[in-house]
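Asker: show me the folded form of this:
(2 chains)
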Amino acid sequence: GNSVTQMEGPVTLSEEAFLTINCTYTATGYPSLFWYVQYPGEGLQLLLKATKADDKGSNKGFEATYRKETTSFHLEKGSVQVSDSAVYFCALSDLGGGSNYKLTFGKGTLLTVNP
Amino acid sequence: GAGVSQSPSNKVTEKGKDVELRCDPISGHTALYWYRQSLGQGLEFLIYFQGNSAPDKSGLPSDRFSAERTGGSVSTLTIQRTQQEDSAVYLCASNQGSSNQPQHFGDGTRLSIL
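Answerer: Have a look, this model is predicted:
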């Protein structure tokens, strides 16, 4: 079956620090990959996506590149802000031999950015 | 435009009672998904509806859980004889029904079983 492994948190950084959150996956087909963000007290929001190998998704200064050879989709940002404090989820969507494009999520990484 | 709408936003009920959770997807989205978010289990898939096809119920944790989608739009998730382990945030999402289209999530229903 499909699975997503992302780095355990929590992650605490100072403002303007560099961020990396690692994500690796196992899938039976050719998945699409997503990063979702959940700000305190809010629902899940799409942050970025990549649908095929070597695609780079980017949004709000965050980037992630779909690496098929290492089955990875690591999230990076060059300079974090206090407002980036949230829980980040890596996810994949793949048929997995069935007919359901359900998302398989990692466990989430809590990021706290201090001023 | 309007996003995915869920109601109620919070529900507190006694153990053994039945509850109904509602999801109104984005207009035109053919696929609708229910997930559960709990501290111990993270985000888990529950059930998937696509157009007029039979739903994929493979994620429902027990036969106390059921869901329907009327007219290809609004969906209701029903939990019968609630147990304390059902306490979680129930999330609904919708999209066009393909793997490369992101799912758009509602704000969820926080269910607390006393």
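Asker: contacts, neighbours, all on C-alpha from now
Answerer: OK.
Asker: three-state assignment of the residue in chain B that chain A sits nearest to?
Answerer: Here chain B gets closest to chain A at one residue, B:Asp107, 4.3 Å apart by C-alpha to the nearest C-alpha. Counting by DSSP: H, G, I helix; E, B strand; the rest coil, the backbone at B:Asp107 sits in coil.
Asker: residue contacts, it?
Answerer: Contact analysis of B:Asp107 by C-alpha atoms under 8 Å, 6 or more residues apart in numbering or on different chains lists A:Glu42, A:Gly43, A:Leu44, B:Val4, B:Ser5, B:Gln6, B:Ser9, B:Leu91.
Asker: can you say which of those are buried?
Answerer: When the contacts of B:Asp107 are checked for burial by 16 or more other C-alpha atoms under 10 Å in any protein chain shown, the buried set is A:Gly43, A:Leu44, B:Val4, B:Ser5, B:Gln6, B:Ser9, B:Leu91.
Asker: and of those, the nearest to A:Lys102?
Answerer: Nearest to A:Lys102 among the buried ones among the contacts of B:Asp107 is B:Leu91, at 12.8 Å by C-alpha to C-alpha.
Asker: what residues does chain B have near chain A?
Answerer: Selection of chain B residues close to chain A by C-alpha under 8 Å from any C-alpha of the partner chain yields B:33, B:42-45, B:48, B:56, B:97-100, B:102-108.
Asker: same thing but at 6 Å, please
Answerer: B:Gly42, B:Ser99, B:Asn100, B:Phe105, B:Asp107 (C-alpha under 6 Å from any C-alpha of the partner chain).
Asker: top of the residues you listed by neighbour count?
Answerer: Using other C-alpha atoms under 10 Å in any protein chain shown as the neighbour test, the residues of chain B next to chain A are led by B:Phe105, with 25 neighbours.
Asker: stretch A:51-69 spans what distance, first to last residue?
Answerer: Using C-alpha to C-alpha, to the nearest Å, the end-to-end distance of stretch A:51-69 comes to 15 Å.
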